[in-house]
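**Q** Predicted structure and sequence below. I'll ask about it afterward.
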Amino acid sequence: MTMPGPLLDVAIRKTLRSGPRVFELDVRIRSDRERLVVLGPSGAGKTLLLQAIAGLLPPDAGHIRLRGRTLFDRRLGVCLPARARRIGYVFQDYALFPHLDVRQNVAFGLNRHALNPGRNARFPEVEDWLARFGLATMAHQRPAELSGGQRQRVALARALVTEPQALLLDEPFAALDPALRQDLRDELDQLQRRLGIPMLLITHDPEDAARFGETILQLEGGRAVESTP
């Protein structure tokens, strides 16, 4: 379902309970910028917001629209499954499959088979992204044999191989050594500009926000407390 509107339009509520603890996520975003950063401390609800947009966590109420396309609308009964949303998601720990090699991990993003891609399977899209990220020579290696930066590139390649309409990144530099973070910020900056793909990045690091935040949403306790510009 498509309707006119901003690039990203989110207005959702979600209540989560764990024993006596209750957490309420109540977020509204309307942005036409291609780079949106959600900044906040641990426990603010940043990852929950990404999961809701990606289709991994159904909200209790509200709507999610991307490029005018309705991904979720509780009132209208619309809730597209994650695979149908055309969104690339890079998890904080990268979520690579340890028993699959680099090529298989990237190919898994295509979702063409119920089973894992075979070691001898070759797909043009996969080979293209392996080359773009300089991963072709290590395509046979498994995640445990890679550096942190290499694992991040594999996760990005897997997210982008399907040509998504937006890219979600969960604390993409948190697991990296400080010396490596700046290099990979530069890589991500250049990649996003080259592809022109809308990007929503969540972080607790003000340096990430300063680098990528065309719009910055400050999240605390499940609610936006400040938005710039």
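**A** Right, received. Where do you want to start?
**Q** Helix or strand next in line after the helix or strand that residue 70 is a member of, which one?
**A** Residue 70 is part of strand 69-73 when elements are defined by DSSP states H and E. On the C-terminal side of strand 69-73, the closest following helix or strand by DSSP H and E is strand 78-79.
**Q** List the neighbouring strands of that following strand plus their orientation.
**A** Within its sheet, and counting by DSSP bridges, strand 78-79 is paired with strand 69-73 (antiparallel).
**Q** and stretch 90-109, which residues are buried?
**A** If you call a residue buried by 16 or more other CB atoms under 10 Å, then stretch 90-109 has these buried ones: 90-92, 94, 96, 100-109. Using the backbone N, CA and C atoms, a C-beta is placed for each residue, glycine as well.
**Q** Greatest separation within those: which pair is it?
**A** Based on CB to CB, the longest span within the buried residues of stretch 90-109 runs between 92 and 103 and measures 23.2 Å.
**Q** quick one: secondary structure of the residue nearest to residue 188 when sequence neighbours are not counted?
**A** If the residues on either side of it in the chain are set aside, residue 188 comes closest to residue 172, at 6.9 Å by CB to CB, 6 or more residues apart in numbering. For residue 172, the secondary structure call by DSSP: H, G, I helix; E, B strand; the rest coil comes out as coil.
**Q** can you give me the strands for the chain?
**A** Along the chain, counting by DSSP state E, strands occupy 8-18, 21-31, 35-39, 61-66, 69-73, 78-79, 87-90, 166-170, 199-203, 215-220, 223-228.
**Q** Residue 150 is nearest to which of those?
**A** That would be strand 87-90 among these, by CB to CB, at 13.9 Å.
**Q** re the thing from before, now what about the strand holding residue 70, what contacts it?
**A** Strand 69-73 is contacted from outside by 1-3, 12, 52-53, 55, 58-59, 62-65, 76, 78-80, 85, 165, using CB atoms under 8 Å, 6 or more residues apart in numbering.
**Q** quick check, nearest of the buried residues of stretch 90-109 to residue 134?
**A** Of all the buried residues of stretch 90-109, the one sitting nearest residue 134 is residue 102; the distance, using CB to CB, is 11.1 Å.
**Q** and the most centrally placed residue in the chain, bridged to which residues?
**A** Geometric centre of the chain, nearest residue: residue 168, 2.0 Å, by CA atoms, centre = their mean. Per DSSP bridges, residues listed as beta-bridge partners of residue 168: residue 89, residue 200.
**Q** and if you look at residue 69?
**A** Once the bridges are assigned, which here means DSSP bridges, residue 69 pairs with residue 2, residue 66.
**Q** same thing with residue 227?
**A** Once the bridges are assigned, which here means DSSP bridges, residue 227 pairs with residue 217.
**Q** on that earlier part again, pick out whichever of the buried residues of stretch 90-109 sits closest to residue 193.
**A** Here the nearest of those to residue 193, counting by CB to CB, is residue 90; it sits at 17.3 Å.
**Q** these two touch, right, residue 161 and residue 125?
**A** Yes. With contacts counted by CB atoms under 8 Å, residue 161 reaches residue 125, the gap being 5.1 Å.
**Q** Which of these two has more residues huddled nearby?
**A** Taking neighbours as other CB atoms under 10 Å, residue 161 and residue 125 compare with residue 161 leading, 21 against 16.
**Q** Please identify the buried residues of the helix or strand of the chain at the bottom of the mean pLDDT ranking?
**A** Taking mean pLDDT, DSSP states H and E as the measure, the helix or strand of the chain with the lowest value is strand 223-228, at a mean of 83. By neighbour count, with 16+ other CB under 10 Å as the criterion, the buried positions of strand 223-228 are 224, 227.
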